[in-house]
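Novice: how would this look folded up:
(2 chains)
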Amino acid sequence: MKKLLIFLLLVPMAFAAWQSVAGVAIMISLGIVAAIYMVGKGFGINELQMMGKEEMFQLIATGILVVVLVSSDGLLNAISTSDAFSEGQPTMQTNAMAMLDNTIGEMGGILSTIQNNDRKNQVEGSKSSQCSIMGTGYSVSGCGGYSMLASPMSMAGGIVGFSIGELSAVHRLIQISNEYAFSLLLPLGIVLRTIKLTRGAGGLLIALGISLHIMLPAGIIFSEMLASSFAASPESAAYTGAAEDIDWDDYECNAGDTMPVTADKTENEENVIDVFNIMKSNIRKYMFQAMIRGTLGPVLALLLMAGSIKAISSAAGSEVDVSALSRFV
Amino acid sequence: MSAEICGPGFDSFFSSTIIPLVAYATIVTSILIALSFMVGRATANPKLTLWSKTEVVQLVISVFSVFTLSIIINSFCIVDIGEVAVMFGLPSPGSNSIFGAAQDYLHESTLYAHNAMTVVRYHLEAYTVMAYLNAFACDFKTGSIGWGCLFGYSGENMQPFGGHGASMAALNIFFNGSIMAFFTSLNFLFILLFVYKGFVFLFLPMGVFLRAMPYMRSFGSLLIALAMSFLIVYPLMLSVFWLMRNIVVDASNGFVPPSSPALTNYMDEDVFPDEEGAGSAGQSAAAAFVGDSAVSDTYFPNDPNIVGAIMFAANAFVAAVFLPTTALIAAIASVSYLARLYGEEINLTSITRLM
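Specialist: Okay, here's the model as predicted:
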């Protein structure tokens, strides 16, 4: 009967909100700290008394964190939903995800263009002509010049692919924070911070929650604002706008043609040089999209996040070495 | 999945091996301390007696820590992480212990990374096979028949599916990345299973003994801190990530992110011939009479999805490398913090007044 009564008393605890759990954790820790201090005072052990005082200070800091989180929920929501950051979207997080989706779409278009040009170039460059009758004949490959474009095309594909991957990773991190930062990571971090053994983990969860939810989207929005400001300036003419399309029907390779049409070039070589010049004129536009918007932007946002994790985790009471995370950037 | 650490086999290991070892270490240490105290009294050496009294307190702290650790381990086996999620206003992902959730997260992230590797590899295989196909188009064609080859060999040699260097360059980067994510996740899983198998518990009796020995307190503290951090902090962090599995590893979508075309189209690698012969000859014949699309349709009936494959690999990197690394960072930070905590000297000059 006693066990049933105890169980019934504990049942409401299972359905308590995280604030109640945090309060209970603080009270339990307070009891333990008081016991430690009493033992230290009773036996004259200064170190235990100092430990008790330090733990009391940490409990006060944790209580302040709980109050700040509950009261500043509205403030953080106001920051997230302010027009400066959200730009018409419900929150800055959804705004950042929308920007990333847009950039990924543009990178996908660029990759598709590069793939198409690469394929056409390689098909033309692979052509060779043969003619033999009764075992006598010749073979000639007049399309070797097209092979010079293969290497830069591969490099371009790799760079654009890398930017797509980086944008996707940042998108996934913001997605995680949007769903779990304030509902799980932050409150659980506060609860864990009350216990001495898990203070490090709690501090890291708090830092992770705040950094993923605020700093990472803010970094994306700021870098996108910088890129948009540049794109709107007169100096950006060479870096913005649509890239010139290559109509490969005009640049087909005639594999058997090895007769020069100019002083030292065949028509095939003239064609591939024309293609090269078109690509050269487009390279600034691709560089701006792939390197600035697609790579530098996410890198800056990730560095901002890593620095924020280090600073906030120190303030939250756990010194963690985030250099391992920074290396992933 | 039930973690081994919560099973009956582990209970017998802990109660029949670890507890007795801790008890032996405690008894041996107590005897050494008592002998030191007696020698100190006999030789009227106050340093020796003071040291003995200090070490008694350290011994009590060490034994109390082991006792606390056993309670926490039992609690981690009992607490339902699904109920914890409900407590924080999240839908319950299912019933699981903290240790079980940590193990399940690493299993799922490994599976996720492997799925990403499969999708990327499928695209790479397809493009590699297609790029190596050569076609010889005979001159003077009538439909699929080139009359230029009737009495000789006159025509144009080409690679109709060549030119996927840009795609393969992009995919190679993420193929390497997904392999790294896969092996990193396995590495973290092995660390966790190593902890669960109980070897780290052997640090406890060693730590209890060494903490009370001269000049060895910091090393003994390190051993106890290692055991506590990797038994408490590391699984706890991983279990928190398990609660986020619906987004982190797309658990609600079969561990494959939603994309169009669906990425599950690129997971059946039986489409690739195991050896040269019938498979490739059949494709060549099909290409000759049906057209080049017969080859590309074999591998990409729903069109390729390179962007989706790259995004999948990037998400796998977050799930299998970034998040478990934060768990390990938290555990290592905890080790240094606890080692400092246990390694501090306690001044007991006041307590001598009582004795």
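
Novice: hey, let's count contacts and neighbours off CA atoms from now on
Specialist: Will do.

Novice: show me what contacts B:Phe37?
Specialist: For B:Phe37, the contact set (Cα atoms under 8 Å, 6 or more residues apart in numbering or on different chains) comprises B:Leu48, B:Thr49, B:Ser52, B:Lys53.

Novice: top strand in chain B by residue count?
Specialist: strand B:152-158 (DSSP state E).

Novice: elements contacting it?
Specialist: Contacts defined by 3 or more Cα pairs under 8 Å, 6 or more residues apart in numbering or on different chains; DSSP states H and E place strand B:152-158 against strand A:128-133, strand B:135-138.

Novice: rewinding a little: the contacts of B:Phe37 into CSV, with extra columns for neighbour count?
Specialist: What follows is these, written out as CSV (neighbours: other Cα atoms under 10 Å in any protein chain shown):
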residue, neighbour count
B:Leu48, 18
B:Thr49, 23
B:Ser52, 23
B:Lys53, 19
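
Novice: Nearest to chain A among the residues you listed?
Specialist: Nearest to chain A out of the contacts of B:Phe37 is B:Lys53 (Cα to the nearest Cα; 12.6 Å).

Novice: ok, which stretches of chain B are helices?
Specialist: Taking DSSP state H, the helices of chain B run over residues B:8-13, B:19-42, B:46-78, B:81-87, B:98-131, B:165-196, B:203-211, B:217-228, B:234-242, B:245-248, B:278-289, B:293-299, B:306-317, B:323-343.

Novice: and those, which one's lowest on average pLDDT?
Specialist: With a mean of 53, helix B:278-289 has the lowest mean pLDDT of the helices of chain B.

Novice: In contact with A:Leu111, which residues?
Specialist: Going by Cα under 8 Å, 6+ apart, A:Leu111 touches A:Gly157, A:Val160, A:Gly161.

Novice: go with 6 Å
Specialist: Contacts here follow Cα atoms under 6 Å, 6 or more residues apart in numbering or on different chains; on that basis A:Leu111 touches nothing.

Novice: Only the buried residues of stretch B:187-201, if you could.
Specialist: B:Phe188, B:Leu189, B:Leu192, B:Leu193, B:Val195, B:Tyr196, B:Gly198, B:Val200, B:Phe201 (16 or more other Cα atoms under 10 Å in any protein chain shown).

Novice: so how far is that stretch off the chain centroid?
Specialist: Put simply, stretch B:187-201 sits 11 Å off its chain's centre (Cα atoms, centre = their mean, to the nearest Å).

Novice: Not counting that stretch itself, show me its contacts.
Specialist: If you take Cα under 6 Å, 6+ apart as the criterion, stretch B:187-201 is touched by B:Ile5, B:Leu106, B:Ala227.

Novice: one step back: out of the helices and strands packed on strand B:152-158, nearest to B:Tyr153?
Specialist: Checking the helices and strands packed on strand B:152-158 against B:Tyr153 by Cα to Cα gives strand A:128-133 as the closest, at 5.0 Å.

Novice: Which members of the contacts of B:Phe37 additionally contact chain A?
Specialist: Restricting these to those touching chain A (Cα under 6 Å from any Cα of the partner chain) yields no residues.

Novice: Let me have those residues in a markdown table, extended by distance to B:Ala331.
Specialist: Formatted as a markdown table, those follow (distance: Cα to Cα, whole Å):
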| residue | distance to B:Ala331 |
| --- | --- |
| B:Leu48 | 37 |
| B:Thr49 | 37 |
| B:Ser52 | 33 |
| B:Lys53 | 33 |
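
Novice: What average pLDDT does stretch B:255-272 get?
Specialist: Stretch B:255-272 comes out with an average pLDDT of 85.

Novice: Name the surrounding residues that touch that stretch.
Specialist: B:Tyr112, B:Thr118, B:Val119, B:Tyr122, B:Val249, B:Asp250.

Novice: and B:Ala327, how far is that from chain A?
Specialist: Here B:Ala327 is placed at a distance of 8 Å from chain A (Cα to the nearest Cα, to the nearest Å).

Novice: What is the neighbour count of A:Asn277?
Specialist: When neighbours are defined as other Cα atoms under 10 Å in any protein chain shown, A:Asn277 has 12 of them.

Novice: again, but for the one 3 residues further on
Specialist: Other residues lying near A:Lys280 total 10 when counted by other Cα under 10 Å.

Novice: again, but for B:Pro46
Specialist: For B:Pro46, using other Cα under 10 Å, the count is 12.

Novice: The longest strand of chain B versus strand A:128-133: what angle between them?
Specialist: Put simply, strand B:152-158 runs at 170 degrees to strand A:128-133, going by axes from the mean of the first three to the mean of the last three Cα atoms, to 10 degrees.

Novice: pull the CA atoms of strand B:152-158 into CSV?
Specialist: What follows is strand B:152-158, C-alpha atoms only, in CSV (Å, rounded to 0.1, in the frame of the first residue of the first chain):
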residue,chain,number,x,y,z
GLY,B,152,35.8,-2.1,-94.6
TYR,B,153,35.8,0.0,-91.6
SER,B,154,34.8,3.6,-92.2
GLY,B,155,33.2,5.7,-89.6
GLU,B,156,33.6,7.7,-86.4
ASN,B,157,34.6,6.4,-83.0
MET,B,158,33.2,8.2,-80.0
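
Novice: so who does A:Gly158 touch?
Specialist: By Cα under 6 Å, 6+ apart, the contact set of A:Gly158 is B:Ala169, B:Ala170.

Novice: Please read the previous query as pertaining to A:Cys131.
Specialist: By Cα under 6 Å, 6+ apart, the contact set of A:Cys131 is A:Gly137, A:Tyr138, B:Tyr153, B:Ser154.

Novice: Look up how far A:Ala255 lies from it.
Specialist: 12 Å (Cα to Cα, to the nearest Å).

Novice: re earlier: of the buried residues of stretch B:187-201, which is the nearest to chain A?
Specialist: When the buried residues of stretch B:187-201 are ranked by distance to chain A (Cα to the nearest Cα), B:Phe188 comes first, at 14.8 Å.
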